[in-house]
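*Asks:* starting from these lines, generate the structure:
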Amino acid sequence: MKVIDARGLSCPEPVVLLRAAMQSGEAAYQILVDNHASRENTTRYAQHQGYQVQVQENGGEWTLTFTK
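*Replies:* Predicted coordinates for the structure are as follows:
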């Protein structure tokens, strides 16, 4: 599973990183984000691409796991 650390980045950078990772064709990805906009935008993008989303919050940071 590919892990993307997008903490400290503002949109659209986390979405761009996620999109680039998804081009590899793996079945699962994780992205680490630290703001609500990135969490919402990456979740929306992944769902649009057909991925299921699991969200875990830890002290103002989120780990989002996307699986097909």
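*Asks:* can you map out the helices along this structure?
*Replies:* Per DSSP state H, the chain carries helices over the ranges 13-22, 36-48.
*Asks:* now render those as JSON lines, adding distance to residue 59.
*Replies:* Where C-beta positions appear, they are placed from N, C-alpha and C, glycine not excepted. Formatted as JSON lines, the helices of the chain follow (distance: least, Cβ to Cβ, whole Å):
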{"stretch": "helix 13-22", "distance to residue 59": "18"}
{"stretch": "helix 36-48", "distance to residue 59": "14"}
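*Asks:* next, format those as JSON lines and append mean pLDDT.
*Replies:* Shown next, in JSON lines, are the helices of the chain (pLDDT from 0 to 100):
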{"stretch": "helix 13-22", "mean pLDDT": "97"}
{"stretch": "helix 36-48", "mean pLDDT": "97"}
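*Asks:* redo those helices as CSV? Include mean neighbour count and distance to residue 5.
*Replies:* What follows is these, written out as CSV (neighbours: other Cβ atoms under 10 Å; distance: least, Cβ to Cβ, whole Å):
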stretch, mean neighbour count, distance to residue 5
helix 13-22, 17, 9
helix 36-48, 17, 12
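*Asks:* wait, which of those is closest to residue 67?
*Replies:* When these are compared by Cβ to Cβ, helix 36-48 sits nearest residue 67, at 9.3 Å.
*Asks:* what sits against the spatially most central residue of the chain?
*Replies:* Nearest residue to the geometric centre of the chain (Cα atoms, centre = their mean): residue 31, 4.0 Å. Residue 31 sits next to 3-6, 14, 17-18, 42, 63-64, 66 when contact means Cβ atoms under 8 Å, 6 or more residues apart in numbering.
*Asks:* fine, thanks again, bye for now.
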